[in-house]
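Student: the amino acid sequence is not available; the structure is as follows:
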């Protein structure tokens, strides 16, 4: 095993999938080896609080595999253009002085292109056998049967690869929490968005934290935030030709508002029009980056969302949430959280009459219900 070994990981292309790959990322960090993350450009902001790119001595968050382990790593943006992505990765190899034989790559996505980018950049790579790509993999790994939850599946792949490389593989199972911690700047951005629509009271500025650092619990609870329910009435794309958005966000929003409950939404710019159509009376917040949005979910009394990226961001940040299913399988892609409530199934959406009482119970059990009418 080379003494100057470097690790490269290709993360998935979807926001929720990146969140579900966090235990795999922590396992790679825990080796103590230099790590290069290859992912969509937006992942840099999402991961800033747990794996600050370019930091010479970051530490994996407490309570997860790799806690307290120092690491150094880089970030190479993958934009989906094969030649450009390969060139960017080759440039990083040159800049770092790394040689292919001293590197180990891990491709979490099943796609041919994700394995090809690593392999054709000269990095011997491990990944699942799929999409006819075994010839591109130095370490092709069989998928577990029966299929696991996505978190467990990627974690199994990561541990198998680490074992093949004679590196410490960590705990047998992923931690029950994903451990996504926003930075202080991201928490401040979330609070500013709430202040812009009148949902903060005077004197509620967050505690100060060193720039670039992860926000502490005191910061996340520090601002004097008026209680609100955060909804996410959009979802990107279709699932096997079926719409992934719960069709009753408008009805639920109006019922909650009639009870004095503030309902807020914060879609990305490309989804604002859809959000307004699906919940026209909800209060619209200015768009936020993914890290700040993660902080926003922790400010909410409750998050109500589809099985989408929002569900996984909320789960990763430890927010209180209800996730609604109608076309996807909760056993495979549900939020990785001990406290998340899942309603519906891959065969039918829950009715408003199923969701509204659960929302009220969640608010009452958290002590937030009375604050809406204070």
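Tutor: Here it is on my side, so go on. This structure is a prediction, so every number in the text was calculated from the model and none was measured.

Student: could you use CA atoms for every contact and neighbour count after this?
Tutor: Noted.

Student: so residue 140 sits right up against residue 127, yeah?
Tutor: Yes - counting by Cα atoms under 8 Å, residue 140 sits close enough to residue 127 to count as a contact (5.5 Å).

Student: those two: which has the busier surroundings?
Tutor: Neighbour count, other Cα atoms under 10 Å: between residue 140 and residue 127, residue 127 has more, with 30 against 18.

Student: which strand residues bridge the more buried one?
Tutor: Residue 127 has the following beta-bridge partners by DSSP bridges: residue 107, residue 140.

Student: pLDDT score assigned to it?
Tutor: The confidence metric pLDDT takes the value 97 at residue 127.

Student: distance of it from residue 303?
Tutor: Distance of residue 127 to residue 303, computed by Cα to Cα, to the nearest Å: 34 Å.

Student: check residue 200 too.
Tutor: When Cα to Cα is the yardstick, residue 200 and residue 303 sit 18 Å from each other.

Student: show me which of those two is the more surrounded one.
Tutor: For residue 200 and residue 303, the more surrounded residue by other Cα under 10 Å is residue 303, and the numbers stand at 28 against 19.

Student: report the contact partners of that one.
Tutor: Applying Cα atoms under 8 Å, 6 or more residues apart in numbering, one finds that residue 303 lies in contact with 229-232, 297, 314, 319-322.

Student: go on, residue 106?
Tutor: In this structure, residue 106 makes contact with 7-10, 125-127, 158, 161, judged by Cα under 8 Å, 6+ apart.

Student: ok, those vs residue 195, which is closest?
Tutor: Distance to residue 195 across the contacts of residue 106 (Cα to Cα) is lowest for residue 10, with 37.2 Å.

Student: the nearest residue to residue 366 once chain neighbours are set aside: neighbouring residues, count only.
Tutor: Of all residues beyond its chain neighbours, the one nearest residue 366 is residue 301 (7.9 Å), with distances taken as Cα to Cα, 6 or more residues apart in numbering. The local packing of residue 301 (other Cα under 10 Å) involves 23 other residues.

Student: what residues are up against residue 301?
Tutor: When the contact criterion is Cα under 8 Å, 6+ apart, the partners of residue 301 are 227-230, 320, 363, 366, 368.

Student: farthest pair within those?
Tutor: Every pair in the contacts of residue 301 was compared (Cα to Cα); the two farthest apart turn out to be 230 and 366, at 15.1 Å.

Student: those two: which has the busier surroundings?
Tutor: Set side by side, residue 230 and residue 366 give different neighbour counts by other Cα under 10 Å, the larger being at residue 230 (24 against 13).

Student: do I have it right that that one meets residue 265?
Tutor: Yes - with contacts counted by Cα under 8 Å, residue 230 reaches residue 265, the gap being 5.5 Å.

Student: which neighbours do the two have in common?
Tutor: The contact lists of residue 230 and residue 265 share no entry, where a contact means Cα under 8 Å, 6+ apart.

Student: buried sites along stretch 336-344?
Tutor: Buried residues in stretch 336-344, defined by neighbour count with 16 or more other Cα atoms under 10 Å: 336-337, 340-344.

Student: save these as CSV, and put in distance to residue 28, secondary structure and pLDDT too.
Tutor: CSV is the format used below for the buried residues of stretch 336-344 (distance: Cα to Cα, whole Å; DSSP: H, G, I helix; E, B strand; the rest coil; pLDDT from 0 to 100):
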residue, distance to residue 28, secondary structure, pLDDT
336, 19, coil, 97
337, 21, coil, 96
340, 27, coil, 96
341, 30, strand, 97
342, 30, strand, 97
343, 34, strand, 97
344, 35, strand, 96
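
Student: quick revisit: looking at the contacts of residue 301, which are in helices?
Tutor: Here DSSP state H is the test, and the contacts of residue 301 give residue 363 as lying in helices.

Student: how about the contacts of residue 301 in CSV, adding distance to residue 327?
Tutor: Putting those into CSV (distance: Cα to Cα, whole Å) gives the following:
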residue, distance to residue 327
227, 31
228, 27
229, 24
230, 22
320, 22
363, 27
366, 29
368, 31
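
Student: Throw the contacts of residue 301 into a markdown table and include distance to residue 190 and pLDDT, thanks.
Tutor: Rendered in a markdown table, the data for the contacts of residue 301 read as follows (distance: Cα to Cα, whole Å; pLDDT from 0 to 100):
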| residue | distance to residue 190 | pLDDT |
| --- | --- | --- |
| 227 | 14 | 94 |
| 228 | 13 | 97 |
| 229 | 14 | 98 |
| 230 | 13 | 98 |
| 320 | 17 | 97 |
| 363 | 21 | 95 |
| 366 | 21 | 76 |
| 368 | 20 | 66 |
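
Student: restricted to strands, list the contacts of residue 301.
Tutor: With strands identified by DSSP state E, the entries of the contacts of residue 301 that belong to them are 229-230.

Student: which of the contacts of residue 301 sits closest to residue 88?
Tutor: residue 230 (37.8 Å).

Student: helix or strand next in line after the host helix or strand of residue 298, which one?
Tutor: When secondary structure is defined by DSSP states H and E, residue 298 falls within helix 290-299. The helix or strand immediately downstream of helix 290-299 is strand 302-306, counting by DSSP H and E.

Student: in its sheet, which strands sit next to that next one, and in what direction?
Tutor: Based on DSSP bridges, the strands next to strand 302-306 in the sheet, each with its direction, are strand 229-232 (parallel), strand 321-325 (parallel).

Student: mind listing what's buried in the longest one?
Tutor: Residues of strand 321-325 classed as buried by neighbour count (16+ other Cα under 10 Å): 321-325.
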